[in-house]
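Colleague: Below: sequence and its predicted model.
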Amino acid sequence: MRLISKHFRRRELPWEVVDSRDVSPVHMWDEDDELEVVRMHDTNILVSVQHELRNVSELRKAVLFARHQLMQEAFKLHYNVLLMEGWQYTLLRKGNRYRLDVTYSGRPAYATGKVASEQPTSPPPFIGVLDHCRTQMHGFVPAVAAA
């Protein structure tokens, strides 16, 4: 006779939130920029990505990847710029594993002018926040090595 049923499993650890940061969508273009908006999407669109974090330097890469994914979605909808951009990340821990959930949002538009071709090379808004987070993260993420 078995005393332990096959339906009982070991209790699995839940993901716990270690850190979370948010940059609300901000306008990416000044009135002085040579940008003529032909049409724009009615609402912001967003993309969410999950990334297994092995190194603190991967914070920036994960946000840039999420932005790239959002631009790909905008291109599919026949837009070529983001008039507004914002992002949010949540760092999660389960035992000694770390996961980063990144959500990137933006208002896509189709624009003409020389500035429209420059957006993919411009940095995401307030990307410097990640540098500050990276230095703080060493205090509560000992298992993740610094770059």
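Modeller: Here it is on my side, so go on.
Colleague: From here on, just use CA atoms for contacts and neighbour counts.
Modeller: Noted.
Colleague: Where does the prediction get shaky in the chain?
Modeller: Residue ranges of the chain with pLDDT under 70: 1-10, 32, 114-121, 134-147.
Colleague: in it, which strand has the most residues?
Modeller: Identified as the longest strand of the chain according to DSSP state E is strand 97-112.
Colleague: Name the strands paired with that strand and say parallel or antiparallel.
Modeller: strand 36-40 (antiparallel), strand 45-52 (antiparallel), strand 81-94 (antiparallel) (DSSP bridges).
Colleague: Determine which stretch of those is the most buried.
Modeller: Using mean count of other C-alpha atoms under 10 Å, the stretch among these with the largest mean neighbour count is strand 81-94, at a mean of 21.
Colleague: Residues touching the lengthiest helix in the chain, excluding its own?
Modeller: Longest helix of the chain, by residue count under DSSP state H: helix 58-76. Contact with helix 58-76 is made by 45-49, 51, 53, 80-82, 87, 100, 102-106, 108, 124, 127, 130, 134, as judged by C-alpha atoms under 8 Å, 6 or more residues apart in numbering.
Colleague: Just the buried positions in it, please.
Modeller: Residues of helix 58-76 classed as buried by neighbour count (16 or more other C-alpha atoms under 10 Å): 58-60, 62-67, 69-71, 73-74.
Colleague: Dump those residues to TSV, plus distance to residue 36.
Modeller: Putting the buried residues of helix 58-76 into TSV (distance: C-alpha to C-alpha, whole Å) gives the following:
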residue	distance to residue 36
58	35
59	33
60	30
62	31
63	27
64	26
65	27
66	26
67	22
69	24
70	21
71	19
73	21
74	17
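Colleague: Of the strands paired with strand 97-112, give the one that comes closest to residue 12.
Modeller: Among these, strand 81-94 comes nearest to residue 12, with 9.4 Å by C-alpha to C-alpha.
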